[in-house]
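Trainee: Structure for the following, please:
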Amino acid sequence: MRFWYNPNFLAITALLFLSIPALKSLATPGFYTSHDGETHTARIAQYYQALKDGQYPPRFAGSFYNGLGSPLFVYIYPLPYFLGSLIHSLGFSFTDSFKILMVAAYLSSAIFSYLWLKAVFKSEKAAFLGALFYIWVPYRFLLLYVRASLSELLAYSFLPLLFFALTRMVETKKPAWLPVASISYALLLLSQNLAALVCSPVLVGYLLVLSIYRRSYRILFQGLLSLIWGFIIAAFTYLPSLFERQFTRLDEIINIAYQNHFAALKQLIRSPWGYGFDLPGTVNDQLSLQIGLAQLLILPLILMVILLRLPILKKIKSHWQDIVLTDHIHLTFYFLLIFGAAVFLMVNWPPTIYVWQNFAPLRMIDIPWRLLGIAALATSFLAAYAAWIFKPGLIFLILTLAVLVANRNHLRINQQIFYDDQFFSTYKGTATQYSEFTPVWRDSTSISSTFNQLQPLTTVSGEVRIWNMLAKSNGISFEADVTSEETEIRINKFYFPKVTIVDKQNELRQQQDWYTIRSDDRRLNQDQDNSGLILLTLKKGSHDIIFEYRETILRKLANLLSLGSLLLVVVVTFRYAYKKQ
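Mentor: As a prediction, the model looks like this:
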C-alpha cells in the first residue's frame, strides 16, 4: 500500500494521465499531414531495410533521390530510426511505429523532467508542475502535430534525463552516475544533432554554475568527462559528420538557411496556431512560434520573488552560500539568463542578426526558433521554482489550470491521410528539406522524376547481357557477358566514398581502374543529367561484378571508438553495481 500512496508514484501517474488528452489525436487511424512526419517515417523504412541488408551501422538509403541512393545515414542522428526499426520488427506498420515512438518520447519527457526537478527541489509538487510545464508547452505540440519532428521530440525527452544524472552525480558525489550521464548525453546526441548543439552549451553552463556555487572543480571535471565520454559513444555518427562534410553540399546550404527563420517578438508572445510553414520574413508565417501564455506568466512571478528575497538573503552574509544553494536562487538566475538568451537569438533584431552572421557554429542550427525548445526547458525549471517557493496550494492550482487551458487548442492533427508500408519502403524523395546531403560530385541537387523509371543499371554503349542482378540498399551485384570489344555500363547510383567495384571472375579489385565519374557529357534527356553517377567499362568476356559502398578508414575508426566506449560503460556500471552488493 505504501507504493500506491507514494507521492512520486502519484505525481508521475497524474502526469501520465494528463498526457492522454495531449496524445489522443495520435490514436487516429492512419497517418496525418505534417512537415516532417512523412520523411521521418521513410527514414525508418530505409534504416530497417539497411539493417536487413547487413549495414552495421546503416549508412546508405537505397531508394532516396529517385533510386539513386543517399548517404544520409552517414551524417544524421540514427537513434529515432533504429528505435523505429525495432518497433517495426515487432510487427507494427511503419506508420504505427512512428506514432508509437512519438508517444513514447512524449511520455518519457514527462517522467525524466519530473525526476530531474525532484532531484533539484526535493519537492513532488514542484517537480510535478515543472514537468507539466515541460510537456504542456506550444513548442511540444508543434513538434507533435505540426512539424511531426520525431528526432527533436526524442532529443528533448533525453535532455532532462541528462540533467537528472548530472544533478545526482553532484549531490551524491558518486562516480557511478558518470556512465549514466555519458549514456544520457549519447542518447541526446544520437536523437538529433541540431537539438544537441543547442543544448550542449546549456549543459556546460549548468555544470559551471553548480561548480562555482559549491566551490568544487571536481563537479565541472566529472561533468565534462561524462559529456566527452558520451560524445565518443556517438562517434560513429559525429566523426563522419564533422570530417567528411566536404563530400556533400551540407555546409554551402545550411550556412545561409537561418536568414529566413527569425521570429518577431510578438510571434513569441502570441501567434495564431496553424499547420503551414515558416515562410521568409516574419509576417506571413503559417505556424505558431509562441513561447506559451502560461510559460510567460511564470516570468513576473519569479522576478517578484527575486526582488523580495534578495534583500533578505544579503543580510545573512555569514551563511550566504548555504542559503543560496538551498534557495536554488543560483539556478533560478541561470535559467532566467538562458531564457533571455534564447529569446534574443530568435528575434529578428539587428544585434541578433549580427551575432548569427559572425558566429559560425550558431549557423549550423539553421532555424533560430529551434531555441524554443531551450525556452521551454527554462520555463519548466522556473515553474518548478515557483511551485517550490509559493507554499499556498491555490497558486499551484492556478498555474496547473493555466498551462492546461492555454494549450487546449494545440492538441490535434490537421488532416488524416493513409500510407501503406510500400509507400515508405520505396520512398523516392530526398527525405531532407534542402537536399543538403547530395554528393558534391553531382552538378546540382535536383533529381528529375524520370529517374524513377530507370533500372539500377543502364547500358550506355556496346553489347552486353546482364543477368543474375541483385540490388541492395548499399550495392548491386550482377553478372555480365560482353560480346563487343568493350561496353560501358552506368550504375545508377551516386558516387560516394568509399565505393568499391570488384570483378570476382577476373580478380580485378582496384576500383580506380574500373570506373570514371562523368560530369554532364551524356544527357539522359532534356531536364536531367547523369553527373555524379558511376560509369563502368568492361572488356569482352564474362564478368561477375560486385558494386558496394563500404566504410572509409575514418568511419571504421569511429565505429570502434563507439563500440569500445559503450563496452566501457557496461563494465564500469557492472563494477559499481557489484560493489554496491
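
Trainee: which other residues reach stretch 216-230?
Mentor: For stretch 216-230, contacts defined as Cβ atoms under 8 Å, 6 or more residues apart in numbering pick out 165-166, 169-170, 175, 178-179, 181-186, 188-189, 200, 203-204, 207-208, 210-211, 565, 568-569. For glycine as for every other residue, the C-beta is placed from the backbone atoms N, C-alpha and C.

Trainee: Pop the domain breakdown of this protein in here.
Mentor: Partitioning the chain according to automatic domain parsing yields domains covering residues 7-425, 452-522+530-550.

Trainee: List just the one of the ones you listed that sits closest to Ala558.
Mentor: domain 7-425 (3.9 Å; Cβ to Cβ).

Trainee: thinking in terms of the whole chain, how far from its middle is the closest one?
Mentor: The chain centroid and the centroid of domain 7-425 are separated by 9 Å under Cα atoms, centre = their mean, to the nearest Å.

Trainee: just to revisit the earlier point, okay, and which of the contacts of stretch 216-230 map to helices?
Mentor: Taking DSSP state H, the ones among the contacts of stretch 216-230 that sit in helices are 165-166, 169-170, 178-179, 181-186, 188-189, 200, 203-204, 207-208, 210-211, 565, 568-569.

Trainee: Just the buried ones from these?
Mentor: The neighbour count (16 or more other Cβ atoms under 10 Å) marks 165-166, 169-170, 178-179, 181-186, 188-189, 203, 207, 210-211, 565, 569 as buried among the ones in helices among the contacts of stretch 216-230.

Trainee: Go ahead and measure how far stretch 555-570 is from the middle of the chain.
Mentor: 21 Å.

Trainee: Buried residues of it, list them for me.
Mentor: Arg555, Ala558, Asn559, Leu561, Ser562, Ser565, Leu566, Val569.

Trainee: JSON lines please, covering these and showing pLDDT.
Mentor: Below are these laid out as JSON lines (pLDDT from 0 to 100):
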{"residue": "Arg555", "pLDDT": "97"}
{"residue": "Ala558", "pLDDT": "98"}
{"residue": "Asn559", "pLDDT": "98"}
{"residue": "Leu561", "pLDDT": "98"}
{"residue": "Ser562", "pLDDT": "98"}
{"residue": "Ser565", "pLDDT": "97"}
{"residue": "Leu566", "pLDDT": "96"}
{"residue": "Val569", "pLDDT": "94"}
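
Trainee: Between which two of those residues is the distance greatest?
Mentor: Arg555 and Val569 (21.3 Å).

Trainee: tell me the pLDDT at Arg309?
Mentor: You'll see Arg309 listed with a pLDDT of 71.

Trainee: Verify the assumption that it is located in a strand.
Mentor: No - assigned with DSSP: H, G, I helix; E, B strand; the rest coil, Arg309 falls outside any strand and is helix.

Trainee: Ile338 should be in a strand, yeah?
Mentor: No - per three-state DSSP, Ile338 lies outside any strand segment and is helix.

Trainee: What about Gln433, how many residues nearby?
Mentor: Using other Cβ atoms under 10 Å, Gln433 has 14 neighbouring residues.

Trainee: secondary structure class for it?
Mentor: Assignment for Gln433 (three-state DSSP): coil.

Trainee: how close does it get to Gln357?
Mentor: From Gln433 across to Gln357, the span is 21 Å (Cβ to Cβ, to the nearest Å).

Trainee: Which residue lies nearest the spatial centre of the protein?
Mentor: By Cα atoms, centre = their mean, the chain has its centre lying nearest to Gln192, at 1.5 Å.

Trainee: From what I see, that residue and Glu152 are in contact.
Mentor: Yes - applying Cβ atoms under 8 Å as the test, Gln192 and Glu152 come out as touching, 5.0 Å apart.

Trainee: ok, and the helix or strand in this protein with the lowest average confidence?
Mentor: strand 523-525 (a mean of 39; mean pLDDT, DSSP states H and E).

Trainee: Tell me where the model's unsure across the stretch 151-300 of the chain.
Mentor: Confidence mapping of the stretch 151-300 of the chain against pLDDT under 70 gives the ranges 281-283.

Trainee: repeat that with 80
Mentor: 253-257, 279-285 (pLDDT under 80).

Trainee: now the helices: where do they sit in it?
Mentor: Along the stretch 151-300 of the chain, the stretches classed as helices by DSSP state H, counting those that start in this stretch are 177-191, 193-213, 217-233, 235-243, 250-257, 265-269, 293-315.

Trainee: Out of those, which one sits most buried?
Mentor: helix 177-191 (a mean of 25; mean count of other Cβ atoms under 10 Å).

Trainee: hmm, back to that, out of the helices of the stretch 151-300 of the chain, flag the one nearest Val440.
Mentor: Closest to Val440 of the helices of the stretch 151-300 of the chain is helix 250-257 (Cβ to Cβ; 9.0 Å).

Trainee: now the domains of the chain as JSON lines including distance to Trp441?
Mentor: Putting the domains of the chain into JSON lines (distance: least, Cβ to Cβ, whole Å) gives the following:
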{"stretch": "domain 7-425", "distance to Trp441": "8"}
{"stretch": "domain 452-522+530-550", "distance to Trp441": "4"}
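
Trainee: for the stretch 1-150 of the chain, what are the low-confidence residue spans?
Mentor: 1-5.

Trainee: What segments of it are strands?
Mentor: Using DSSP state E, counting those that start in this stretch, the strands of the stretch 1-150 of the chain run over 31-32.

Trainee: and what of the stretch 451-581 of the chain?
Mentor: For the stretch 451-581 of the chain, strands defined by DSSP E, counting those that start in this stretch occupy the ranges 457-461, 464-472, 475-494, 499-503, 515-517, 523-525, 528-529, 533-549.

Trainee: Minimum distance to Pro439: which of the ones you listed has it?
Mentor: strand 475-494 (4.9 Å).

Trainee: what's that closest one packed up against?
Mentor: Where contact means 3 or more Cβ pairs under 8 Å, 6 or more residues apart in numbering; DSSP states H and E, strand 475-494 is packed against strand 457-461, strand 464-472, strand 533-549.

Trainee: ok, back up a step: mind putting the buried residues of stretch 555-570 into CSV with distance to Gln49?
Mentor: Converted to CSV, these look like this (distance: Cβ to Cβ, whole Å):
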residue, distance to Gln49
Arg555, 20
Ala558, 22
Asn559, 20
Leu561, 26
Ser562, 22
Ser565, 28
Leu566, 24
Val569, 29
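
Trainee: ok, back up a step: quick check: which of the helices and strands packed on strand 475-494 has the most neighbours on average?
Mentor: Most buried of these, by mean neighbour count (mean count of other Cβ under 10 Å): strand 533-549, with a mean of 19.

Trainee: what separates that one from the chain centre, distance-wise?
Mentor: Centroid displacement of strand 533-549 relative to its chain, using Cα atoms, centre = their mean, is 38 Å.

Trainee: quick one: contacts for the spatially closest residue to Thr487 that is not a sequence neighbour?
Mentor: Leaving aside its sequence neighbours, Thr487 sits nearest to Gly462 (Cβ to Cβ, 6 or more residues apart in numbering; 2.8 Å). For Gly462, the contact set (Cβ under 8 Å, 6+ apart) comprises Val482, Ser484, Glu485, Glu486, Thr487, Glu488, Leu538.
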